[in-house]
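Peer 1: this is a predicted model, with the sequence first.
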Amino acid sequence: MDTSVVVPVEAEGFIQSLETFPLKEVGSARWFRQHEYIEKLNMQAILNASAMHDEFVKEFLVSYGKIPVLVHEMILVEMWKHKVFPILCQLQDFNPKNTFHLYMVIHHEATIINLLETIMFHKDSCEAADDSVLDLVDYCHRKLTLLASKATHDQHNLTGKAVVSTIEELQAQNAALEFEISLKAVSVLRYITDHTESISVISRMLCTHNIPCVLVQLIDCCPWSRFREGKVEKYINSRWQKIPVEDRLKITKLDGQVWISLFNLLLREDCQRKYDFNNFNKNQLLKLRGFLTEVLIDQLPNLVELQHYLAHLAVTDPAPPKKELILEQVPEIWNHILRENSGKWKAIAKFQVKETFNPSESDLKLQAQRLAQTYNLDVMESLLPEKPKCGSCGKEAAKRCSRCQGEWYCHRECQVKHWPKHKKACQLITEATEKIQRDLQVNS
């Protein structure tokens, strides 16, 4: 079955309508409509890339010059989460019954970085991003620094609390999402290192942010891998998975992205001319030799060139970078949003409490219905990185429990066999779903 979220004509209309918003309008009805468009475009872009179909979402974003708009909107929500959201959480008169609307704003940043991860794989997308690539480099540096410091792991732990407020729950969801976003930024940065030829972008990565040393720190601390209850777990396909002993040395996609970024930044001639190989930087880079094992090089053969380069670096002192008089571009989006709203954060928070995040029951129902159409069940299933597994035997499954829709089975026999275990959960899920539907009917 050919599953699609939007057809090309519809996608073109959505992309033509994309616009930048002021911080005050984040979460408004007009902003929410654009959020729906971007959600649909993101899902369609993933479907096209997965099936290696005509990537019309990427083509329209490039041809209409809308990638800078996406970068702006992503940084806008990042700024809102840093400056406005903490004030919202502290306001005494703000105790929303439903945080659905707020969560959509928080999730917006994750949607855009996901879309950028899909389209920035292509060189023409990087070129079409134009000056906003500089802002994207700064954004990725902020996220990678958080990741390297493991700040994204310090998520709100709500277990054991008797009563959890809706705001506390939202803060925990925000913290969990920050880790996911930071991992996506690793891939986006790798694609920038693949494609950019801009002196300003290269200088920003090497001289301003010293990205090679940040990447060395990521290799060293490997935040997407952890040791729990005697088992090694790795973050793969958006969830922590236990890794069998025989697969522990197998690199993940994230490992690969970091190594390829380092390869691009250290072995390109224009990068070598720009980078300052002082004692600190040189010692940091030489740490990589301990990680460049035969097992790793078997999986990424290109790294043998990096191994040779580091061996040469260990016994030489590269010349300092030449001081060239050049005009460099600087990123503008973050600073522009900051200047425009400086000193107004509390006023914006109070305005949004009153006007934006206090929707009526009918508004909430309408939003829920619109998003239910966006998150079509067949489409969501086709976006899953792994096929559903049978609840009884663990094999690939194609049939779903018709009552609760929450469990999968490969055959009728497995469903019958599993029923005694599934019965209670099935009843609870069904009752909860029916209650939500009844409440919506009463409120409407």
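Peer 2: Nice, thanks for sending it over. Numbers count the residues shown, from 1 in each chain.

Peer 1: that's a helix at residue 320, yeah?
Peer 2: No. Per DSSP: H, G, I helix; E, B strand; the rest coil, residue 320 lies outside any helix segment and is coil.

Peer 1: quick check: residue 334 touching residue 135?
Peer 2: Yes. Counting by CB atoms under 8 Å, residue 135 is a contact partner of residue 334 at 6.5 Å. For glycine as for every other residue, the C-beta is placed from the backbone atoms N, C-alpha and C.

Peer 1: quick one: which of those two has more around it?
Peer 2: Legend: neighbour count by other CB atoms under 10 Å for residue 334 and residue 135, higher for residue 135 (23 against 17).

Peer 1: tell me the pLDDT at the more buried one?
Peer 2: The per-residue pLDDT reported for residue 135 equals 95.

Peer 1: ok, it to residue 273 distance?
Peer 2: 25 Å (CB to CB, to the nearest Å).

Peer 1: end to end, how far does stretch 19-30 reach?
Peer 2: From its first residue to its last, stretch 19-30 covers 10 Å (CA to CA, to the nearest Å).

Peer 1: number the residues from 42 up from this point.
Peer 2: Fine by me, first position is 42 from now on; the one you just mentioned is stretch 60-71.

Peer 1: who touches it?
Peer 2: Stretch 60-71 is contacted from outside by 72, 75, 110, 113-114, 117-118, 120-121, 125, 142-143, 145-146, 378, 381-382, 389, 392-393, 396-398, using CB atoms under 8 Å, 6 or more residues apart in numbering.

Peer 1: filter these down to the buried ones, PyMOL style.
Peer 2: Selection of buried members from the contacts of stretch 60-71 for PyMOL, criterion 16 or more other CB atoms under 10 Å:
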select buried, resi 72+75+110+113+114+117+118+120+121+125+142+143+145+146+378+382+389+393+397+398
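
Peer 1: which ones are touching the closest residue to residue 316 other than its chain neighbours?
Peer 2: Leaving aside its sequence neighbours, residue 316 sits nearest to residue 247 (CB to CB, 6 or more residues apart in numbering; 4.7 Å). Contacts for residue 247 (CB under 8 Å, 6+ apart) come out as 253, 306, 312, 315, 316, 317.

Peer 1: in those, find the pair that's most separated.
Peer 2: 306 and 317 (12.9 Å; CB to CB).

Peer 1: comparing those two, which residue is more hemmed in?
Peer 2: Neighbour tally, residue 306 and residue 317, criterion other CB under 10 Å: the higher count belongs to residue 306, 20 against 13.

Peer 1: can you tell me the element that one falls in?
Peer 2: helix 294-308 (DSSP states H and E).

Peer 1: show me what that helix is packed up against.
Peer 2: Helix 294-308 sits against helix 207-236, helix 252-262, helix 310-315, helix 344-355, with contacts defined as 3 or more CB pairs under 8 Å, 6 or more residues apart in numbering; DSSP states H and E.

Peer 1: my read: residue 373 touches residue 172, true?
Peer 2: Yes. Using CB under 8 Å, residue 373 is in contact with residue 172, at 7.3 Å.

Peer 1: which of the two has more neighbours?
Peer 2: Taking neighbours as other CB under 10 Å, residue 373 and residue 172 compare with residue 172 leading, 17 against 14.

Peer 1: the more buried one and residue 229: what is the separation?
Peer 2: From residue 172 to residue 229 the distance is 16 Å (CB to CB).

Peer 1: pull the number of nearby residues for the residue lying closest to residue 119 once chain neighbours are set aside.
Peer 2: The shortest distance from residue 119 to any non-neighbouring residue, by CB to CB, 6+ apart, is to residue 150 (5.8 Å). Residues lying near residue 150 (other CB under 10 Å) number 23.

Peer 1: next SSE after the least confident helix or strand in the chain by mean pLDDT?
Peer 2: Using mean pLDDT, DSSP states H and E, the weakest-scoring helix or strand in the chain turns out to be helix 418-424, at a mean of 53. Helices and strands here follow DSSP H and E; after helix 418-424, the next one along the chain is strand 440-441.

Peer 1: tell me the pLDDT at residue 462?
Peer 2: 82.

Peer 1: what's the neighbour count on it?
Peer 2: With other CB under 10 Å as criterion, residue 462 counts 12.

Peer 1: how much space separates it from residue 158?
Peer 2: 38 Å.

Peer 1: state the phi and psi torsions of residue 109.
Peer 2: The phi/psi pair for residue 109 (degrees, to the nearest 10) reads phi -60, psi -30.

Peer 1: residues contacting it?
Peer 2: 170, 171, 172, 173.

Peer 1: distance of the residue most central in space within the chain relative to residue 72?
Peer 2: With distances taken as CA atoms, centre = their mean, the residue of the chain nearest its centroid is residue 222 (3.1 Å). As judged by CB to CB, residue 222 and residue 72 stand 19 Å apart.

Peer 1: tell me which element the residue lying closest to residue 145 once chain neighbours are set aside falls in.
Peer 2: Excluding the flanking residues, the one nearest residue 145 by CB to CB, 6+ apart is residue 76, at 6.2 Å. Here residue 76 sits within helix 70-92, counting by DSSP H and E.

Peer 1: buried ones in that helix?
Peer 2: Quick answer for helix 70-92 (16+ other CB under 10 Å): 72-73, 75-90.

Peer 1: ok, now stretch 167-183?
Peer 2: Under 16+ other CB under 10 Å, the buried positions of stretch 167-183 are 167, 169-170, 172-183.

Peer 1: and these, which of them are in strands?
Peer 2: Using DSSP state E, no member of the buried residues of stretch 167-183 sits in strands.

Peer 1: pick out the most distant pair among the residues you listed.
Peer 2: Between any two of those (CB to CB), the greatest distance is 22.8 Å, for 169 and 183.

Peer 1: before we move on, back to that, the residue nearest to the centre of the chain and residue 86: what is the separation?
Peer 2: For residue 222, the distance to residue 86 - CB to CB - is 17 Å.

Peer 1: for the residue nearest to residue 119, helix, strand, or coil?
Peer 2: Of the three states, residue 150 takes helix according to three-state DSSP.

Peer 1: quick one: strands adjacent to the longest strand seen in the chain?
Peer 2: Longest strand in the chain, counting residues (DSSP E): strand 272-277. Taking DSSP bridges as the criterion, strand 272-277 pairs within the sheet with strand 266-269 (antiparallel), strand 280-283 (antiparallel).

Peer 1: could you dump the first one to CSV, C-alpha only?
Peer 2: I take that to be strand 266-269. Coordinates of each C-alpha in strand 266-269 appear next as CSV, following Å, rounded to 0.1, in the frame of the first residue of the first chain:
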residue,chain,number,x,y,z
SER,A,266,25.8,4.3,25.4
ARG,A,267,25.3,3.3,29.0
PHE,A,268,25.8,0.5,31.5
ARG,A,269,22.7,-0.6,33.4
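
Peer 1: you'd agree residue 467 is in a helix?
Peer 2: Yes. When three-state DSSP is applied, residue 467 is found to be in a helix.
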